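Chemist: Okay, here's the prediction I keep looking at, along with the sequence it came from:
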Amino acid sequence: MQIDRYNRARKISVSGNAPAGIATGELLEEMDKILANIDLEPAYHTTYLGASEQVREIASSLLFAFMLALLILYMILASQFESFVHPIAIMLTAPLSFVGAFTLLALTNSELSATTQIAMVALMGLVMKNGILLVDQANQSMSRGLTAKEAMIESAQLRLRPVLMTAFSTIFGMIPTALATSDGAELRSSTGIIVIGGLGSSTLLTLFVVPVVYTLTADAKAGLNRLRTHFSLEGISEMIPNHMQQLYDLFSSRVGAHHDQGLELRQINGNVVKLLLPFRPKHANSTENGALHTTALATAIDSACGFAVMLSLTEPSAIATVNLRIDHIHQPEPGQDMTVEAHCYQQSGDFAYVRAAVLSLDTLITYCHAIGIFKVGTPGPALNSAF
C-alpha cells in the first residue's frame, strides 16, 4: 500500500489523456464544469497537476506578458511622439492583426498553443510599425502647415511602398516556417501562420483605420481648443491680475509693436503669454495675395517674446533682444487672424531664454517658430514707475 501526498496532504490522482482533436485548454474547461457539480466534503478539494497545471500557469504568464507589452509599447510611443493620443491610433493596429491571425489559424486547423501565444506577443511589435510610419509622416506634414486630413493623405501616399515592402518581406520569410513538415515542425508552423495572417490583415486594415482615427483625434483636439479658447476669452478681464494688465499697457505703449501690429492680450498662464494677431489691411500685399508680411509675423513674435520675459521677472526691468532666431515662416491664408504664443522657459543671470510660435486660431497649424535670448536690465524705459 502506498500513500501519496501533495502539499503535505494526502492525494488521490486521476489521470487521463485528451481525445484526438481536443486541446488541453478545452478539456480543462469541461473538467471545471464537471468538478463544479461534484459535492465534495469540506476537507476535500481538487487541483490540476502535471501538464494541466503547466497550461494554466503558462496562460497566466502570457496574459501578464501581453498586458506588460502593451503598457511598454504605449510608454515608448508616447515618449517618441510626445503625445498621449497618437499612440492610441498606432496601437489600434494590434487588434487588426488578430483578425487575420485567428482566421488563418482556423482555416489551417492549427492549435492555439503556448508557442502560438508567444508569437502573438511578438506580432504586436511587428504590426505597429505600419501605424508608426503613417503617423510620423503625418506629423511632419502637419508641421509644414497641412491639415490633419491632407497630412494623412500625403502620408499614406508616401509610406505605402515601405509599408508593403516590410510586410511582404516578413510574410515571405515566414512561409518556410509555416509550411515546414520536419520533426517538431508542428511547434513552429503555428508561429509562421500567426505572423502571416496577422501581418496580412493589419497591413490592409491599417491603411483605412489609422487615418480615420488620426483625423478624428485631430478634430476632437481642435474642438477642445476652440471650447477652451471660448471660455478663456469670456473671462479674460477676471483672469488677468491688475498688475499684469498694467505691465501689458506699459509694454504696448513704450516697448515692442503691439499698437503697430494690433496685438491683443488673450491669456496668461505662468510664464506663458498668448496674444491675438488680427489681420489688418496694412498687413496685406498685392504680391502675396493679401497674406501677412513675414515682417509682421516676425515683429509679432518678437513682441510676444519680450512680454513673456517681462512676465517672468520678479520685478519689471528693461529688456532687449540679443538674438532671436526665426525658423520656417509659412504664409497663412489671406485675411486670417492668428494666435501668438510665447514661453519664457529659463533664466540664467541677466539672460532669459524664450521660445514662441505663430499659430492658427485652432492651434493646428504653425506658421512661424522662433527661439531667442533676451538681455535683462539693459537701458530702456523706467518700467518700475508703472507699479
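Modeler: It's in. Numbers count the residues shown, from 1 in each chain.
Chemist: Give me the helices and strands touching the helix or strand containing residue 79, please.
Modeler: In this assignment (DSSP states H and E), residue 79 forms part of helix 51-81. For helix 51-81, the elements it packs on are helix 24-36, helix 86-91, helix 114-143, judged by 3 or more CB pairs under 8 Å, 6 or more residues apart in numbering; DSSP states H and E. Quick note: C-beta positions are derived from backbone N, CA and C, even for glycine.
Chemist: just how off-centre is the second one within its chain?
Modeler: This points to helix 86-91. Helix 86-91 sits 6 Å away from the centroid of its parent chain (CA atoms, centre = their mean, to the nearest Å).
Chemist: how is this protein carved up into domains?
Modeler: 58-232, 237-386 (automatic domain parsing).
Chemist: Comparing these by mean pLDDT, which bottoms out?
Modeler: In terms of mean pLDDT, the lowest-scoring of the domains of the chain is domain 237-386 (a mean of 70).
Chemist: Look at residue 274 and give its secondary structure.
Modeler: strand (DSSP: H, G, I helix; E, B strand; the rest coil).
Chemist: Now it. Nearest residue, chain neighbours left out?
Modeler: Of all residues not flanking residue 274 in the chain, residue 267 sits nearest, at 4.2 Å (CB to CB, 6 or more residues apart in numbering).
Chemist: Next up, phi/psi of that neighbour, please.
Modeler: phi -160, psi 140 (degrees, to the nearest 10).
Chemist: With residue 266 instead?
Modeler: Backbone torsions for residue 266, taken as degrees, to the nearest 10, come to phi -120, psi -40.
Chemist: Would you mind writing the CA trace of stretch 339-346 as CSV?
Modeler: The C-alpha coordinates for stretch 339-346 follow below in CSV (Å, rounded to 0.1, in the frame of the first residue of the first chain):
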residue,chain,number,x,y,z
THR,A,339,-2.5,83.3,-32.2
VAL,A,340,1.0,84.2,-30.9
GLU,A,341,2.2,82.1,-28.0
ALA,A,342,5.5,82.8,-26.2
HIS,A,343,7.1,81.0,-23.3
CYS,A,344,10.0,82.1,-21.1
TYR,A,345,11.4,78.7,-20.2
GLN,A,346,14.7,79.5,-18.4
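Chemist: What are the contacting residues of it?
Modeler: 263, 266, 271-277, 300-301, 303-305, 307-309, 311-312, 352-361, 363 (CB atoms under 8 Å, 6 or more residues apart in numbering).
Chemist: In the strand or helix carrying residue 151, which residues are buried?
Modeler: When elements are assigned from DSSP H and E, residue 151 belongs to helix 148-179. Buried residues in helix 148-179, defined by neighbour count with 16 or more other CB atoms under 10 Å: 148, 151-156, 159, 163, 166-167, 170-171, 174, 177-178.
Chemist: Summarise which helices and strands the lengthiest helix in the chain is packed against.
Modeler: In the chain, taking DSSP state H as the definition, the longest helix is helix 185-234. Secondary-structure packing of helix 185-234 (3+ CB pairs under 8 Å, 6+ apart): helix 86-91, helix 93-107, helix 114-143, helix 148-179, strand 264-269.
Chemist: run the last query once more with 7 Å
Modeler: If you count contacts as 3 or more CB pairs under 7 Å, 6 or more residues apart in numbering; DSSP states H and E, helix 185-234 packs onto helix 86-91, helix 93-107, helix 114-143, helix 148-179.
Chemist: returning to what we had before: and the buried residues of helix 148-179, which two are furthest apart?
Modeler: 148 and 177 (39.6 Å; CB to CB).
Chemist: Residue 7 versus residue 45, what's the distance?
Modeler: 10 Å (CB to CB, to the nearest Å).
Chemist: out of those two, which sits in the busier spot?
Modeler: residue 45 (9 against 6; other CB atoms under 10 Å).
Chemist: contacting residues for the more buried one?
Modeler: For residue 45, the contact set (CB atoms under 7 Å, 6 or more residues apart in numbering) is empty.
Chemist: Nothing else from me, thank you.
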